[in-house]
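>>> Return a 3D structure for these sequence lines:
(chains A and B)
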Amino acid sequence: MCLAIPVRITEILAHDRALASAGGVIREIGTDLVDDLQVGDYVILHVGYALAKLNEHEAQKTLEAMAAIGLASEMSQRGSHEIH
Amino acid sequence: MKYIDEFRDGERARGLAQALRTEARPDRKYRLMEFCGGHTHAVFRYGIPDLLPANIELIHGPGCPVCVLPIGRLDMAIRLVCDHPEVILASYGDMLRVPGSKRRSLLHARAEGADVRMVYSVSDALELARANPDRQVVFFGIGFETTTPPTALGILEAQRGGLDNFSVFCNHVLTPAAMKAILDVPPGAGQGETLEVDGFIGPSHVSVIIGSDAYGFCARQYHKPVVIAGFEPLDVLQSILMLVRQLNEGRADIENQYTRAVTPTGNPRAQAAVSEVFELRPSFEWRGLGAIPESALGIAEAYRHYDAEHRFNMTYQAAAGTRGCECPAVLRGAKKPTDCKLFATSCTPESPLGSCMVSDEGACAAYFTYGRFRQEAVQQQARQRATHKAGRR
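As a prediction, the model looks like this:
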């Protein structure tokens, strides 16, 4: 029930509505719950409504943190192999 | 798709899994509850348990609205649509196949002539009301905080448009209240009741609405860490690592892994719509958790006109579940789906006996769908049929 997907806004319509693309499938959604929506923004779509805008900068930071964890872990693995 | 593919990347997953194996201490257990059924499914769909060291146990929480709705509430909807031929009941699809009393579901009611429609959004229900001015359209409102704001918007839109033949059967429930109820079950409360949780993988989209600050009580009152996690497999792995680190350091903080969508204070517009239209119910019955005070929303006095319970004089009667069904204990995290005798024998997604096998977020459905039980169930049913046939000869 709480499943929601990221979609890209392709057109702003009147009355708090917009068109959004989910992997190429375009559908009309309600945008009452988000501020300052622009074409090209990504939002989280749930039961026909945008719940929030996705923050590109934060997404990149998360991905970089994940990559850094993997790298650090690999280094420490190598380190421990060399010791033993 | 952007924001999806990069969070399913195998190489990053291997790095995170390696870090988990390195950092999880072999001398202790990590019992982590993923509150949300969406996480349960992500965990099994992507085989996350196979990547974890054996001392990290994932306990599946009650965050599946279809699963936690008590049978008595479902019976109310079935009675409504059977007793009132003028009613069109508009419901999210998940709800239709859940067995109510005497194993009757809304689909059974529909087969007998009741007008039950599956909708994707409350705006579809409003459309039905506009298209059928001589009928009464009742929207079956269920869900946690994620799904509640759209229902509020539906009621506000009905009011603006003077849509008098629209109402809502409100069953919206609150995540923090359920977490409290889980933490309040005293350890050793009785057989099958024991539940020890070291930390929570916090819900993704509930938190988009309510914000990460809403979980402060877990850290303050119960000294349990919470990491709010996105729904993709890498999000879950990173969140587990964040919990392991907190537990290793003896910390109990509220941390946010899903920063691309969740803020400390949540979505103010959604919160405003919800507090305008709804009010706290003094108490609400949950399947598996019993009556929890202030754990659900009802429709506020000013919007009573749109309250189906009021309009149709609907009353709640507690009802017993299917005998042998362990959904209640599964929802508390006290039992695994595989502990249930009915699991994958007489209870399957094709023919469910309990709510946790019906919903796309139910723990039993996750175990069944991704747990290689399907073939065994098919074989067992074939054996049963053969035995039955042989018996008749």
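>>> Walking through chain A, point out its strands one by one.
In chain order, chain A shows strands spanning A:5-12, A:17-22, A:25-30, A:42-46, A:49-53, with DSSP state E as the criterion.
>>> Tell me which of those strands lies nearest to B:H41.
Ranking the strands of chain A by proximity to B:H41 (Cβ to Cβ) places strand A:5-12 first, at 14.0 Å. Backbone N, C-alpha and C define where each C-beta goes, glycine included.
>>> Walk me through which strands that closest one pairs with, and which way each runs.
strand A:17-22 (antiparallel), strand A:42-46 (antiparallel) (DSSP bridges).
>>> Can you tell me what sits against the first one?
Under the criterion Cβ atoms under 8 Å, 6 or more residues apart in numbering or on different chains, residues A:5, A:7-13, A:26-31, A:37, A:43, A:45, A:50, B:1 lie in contact with strand A:17-22.
>>> isn't there a helix covering B:R73?
Yes. Membership of B:R73 in a helix is supported by DSSP: H, G, I helix; E, B strand; the rest coil.
>>> just checking, it touches B:E285?
Yes. If you go by Cβ atoms under 8 Å, B:R73 and B:E285 touch, sitting 7.3 Å apart.
>>> So for these two, which residue has more residues nearby?
Higher neighbour count among B:R73 and B:E285: B:R73, with 24 against 18, using other Cβ atoms under 10 Å in any protein chain shown.
>>> For the more buried one, give me its contacts.
When contacts are counted by Cβ under 8 Å, 6+ apart, B:R73 touches B:N171, B:E285, B:Y316.
>>> Please apply the same query to B:G290.
B:G290 makes contacts with B:A181, as judged by Cβ under 8 Å, 6+ apart.
>>> Please repeat the previous calculation with a cut-off of 10 Å.
Taking Cβ atoms under 10 Å, 6 or more residues apart in numbering or on different chains, we find B:G290 in contact with B:P70, B:A181, B:V185, B:S283, B:P328, B:R332.
>>> Show me the beta-bridge partners of it.
Beta-bridge partners, per DSSP bridges, of B:G290: B:W286.
>>> separation between it and B:T148?
Distance of B:G290 to B:T148, given as Cβ to Cβ, to the nearest Å: 22 Å.
>>> of all of chain B, which residue lies closest to chain A?
For chain B and chain A, the shortest gap (Cβ to the nearest Cβ) falls at B:G15, measuring 1.8 Å.
>>> so where's chain A uncertain?
Applying pLDDT under 70 to chain A flags residues A:1-2, A:79-84.
>>> typed the wrong thing, it's the stretch 201-350 of chain B
For the stretch 201-350 of chain B, not a single residue meets the criterion pLDDT under 70.
>>> One more pass at 90, please.
For the stretch 201-350 of chain B, the stretches with pLDDT under 90 are B:288-289, B:320-323, B:328, B:332-334, B:344-346, B:349-350.
>>> Where do the helices of it begin and end?
Under the criterion DSSP state H, counting those that start in this stretch, the stretch 201-350 of chain B contains helices at B:205-210, B:216-222, B:233-248, B:268-277, B:308-311, B:327-332.
>>> of all the ones you listed, which gets the most neighbours per residue?
helix B:205-210 (a mean of 27; mean count of other Cβ atoms under 10 Å in any protein chain shown).
>>> Say whether chain A is contacted by that helix.
Yes. Under the criterion of Cβ under 10 Å from any Cβ of the partner chain, chain A is reached by helix B:205-210 at B:H205, B:V206, B:S207, B:V208, B:I209.
>>> Would you convert those into CSV that also reports distance to B:E309?
Shown next, in CSV, are the residues of helix B:205-210 next to chain A (distance: Cβ to Cβ, whole Å):
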residue, distance to B:E309
B:H205, 27
B:V206, 24
B:S207, 29
B:V208, 28
B:I209, 24
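>>> I'd like to know how many residues surround the closest residue to chain B within chain A.
Chain A approaches chain B most closely through A:G70 (1.8 Å), counting by Cβ to the nearest Cβ. Counted with other Cβ under 10 Å, residues neighbouring A:G70 total 20.
>>> any idea how far B:A181 is from the nearest residue to it once chain neighbours are set aside?
Distances taken as Cβ to Cβ, 6 or more residues apart in numbering or on different chains place B:G15 nearest to A:G70, at 1.8 Å, with adjacent residues excluded. Per Cβ to Cβ, B:G15 is found 37 Å from B:A181.
>>> next one: B:A365
In terms of Cβ to Cβ, B:A365 sits 23 Å off from B:A181.
>>> Among these two, which residue is more densely surrounded?
B:A365 (25 against 19).
>>> Return the residues in contact with the closest residue to B:A300 other than its chain neighbours.
Leaving aside its sequence neighbours, B:A300 sits nearest to B:E279 (Cβ to Cβ, 6+ apart; 4.4 Å). Residues counted as contacts of B:E279 (Cβ under 10 Å, 6+ apart) are B:L297, B:G298, B:I299, B:A300, B:E301, B:A302, B:Y303.
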